[in-house]
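J.: Whatever this is, show me its structure:
(one chain, ligands or ions: 1)
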Amino acid sequence: MAVPKQIEEAFAELRSLGFEAQGEFKCCPGCAVLHFQCEGVENHVSYQEEDAVTLRNTSQVFLTWEGDSATIIDVLSKHGLRPVWDGDPEHRILVTWTRRH
Ligand SMILES: [Zn+2]
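T.: Below is the predicted model of the structure:
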C-alpha cells in the first residue's frame, strides 16, 4: 500500500513552514536525529525505514521529530491525522489515520 496522502500533504506543509520533513529517512530514529543535529537543523520530522512497513500495512506510524511541537501537532491534525503524544520531547509522536478507500 502507498503512503497515505494525508502524511504527504502534512509533510509538504511542514516543509513550507521551514521544517525538514522526510519519509523513510535513515534506518532508525537515533540515526535520523544524529543526522539533523550534525546539519544544525532544529525543526525536523521524519519516519524511518524500519517504520515504513508499519505505515504501509496499518494506519499508524511513529514520527521522529525535534523543534516546534505545537506546529507539528497542529499541521498533522489539520490534514486529518490524529497525533498522539505525551508531551515528552524525548518521545516520538504516534500518528494514526482512517484509511481512504
Ligand atoms: Zn540507525
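
J.: Does Leu81 touch Glu9 like I think?
T.: No. Checked against C-beta atoms under 8 Å, the pair Leu81 and Glu9 is beyond contact range at 9.3 Å. (Each C-beta comes from the backbone N, C-alpha and C, glycine too.)

J.: So between these two, which is more surrounded?
T.: Neighbour tally, Leu81 and Glu9, criterion other C-beta atoms under 10 Å: the higher count belongs to Leu81, 23 against 15.

J.: distance of that one from Cys31?
T.: 24 Å (C-beta to C-beta, to the nearest Å).

J.: okay, now His91: neighbour count?
T.: Neighbour count for His91, taken as other C-beta under 10 Å: 11.

J.: now Ser59
T.: Ser59: 15 surrounding residues under other C-beta under 10 Å.

J.: Ranking helices and strands of this structure by mean pLDDT, which lands last?
T.: The helix or strand of the chain with the poorest confidence is helix 49-57; it has a mean of 90 (mean pLDDT, DSSP states H and E).

J.: Which parts of the chain are strands?
T.: In the chain, the strands defined using DSSP state E lie at 20-22, 44-46, 60-66, 82-84, 93-96.

J.: Can you confirm whether the second one lies near the ion?
T.: No. Contact between strand 44-46 and the ion is absent, the nearest approach being 12.0 Å (criterion: C-beta under 5 Å from the ion).

J.: Walk me through which strands that strand pairs with, and which way each runs.
T.: strand 20-22 (parallel), strand 60-66 (antiparallel) (DSSP bridges).

J.: Phi and psi next, for the nearest residue to Thr71 once chain neighbours are set aside.
T.: Excluding the flanking residues, the one nearest Thr71 by C-beta to C-beta, 6 or more residues apart in numbering is Leu17, at 6.2 Å. Per-residue torsions, Leu17: phi -100, psi 10 (degrees, to the nearest 10).
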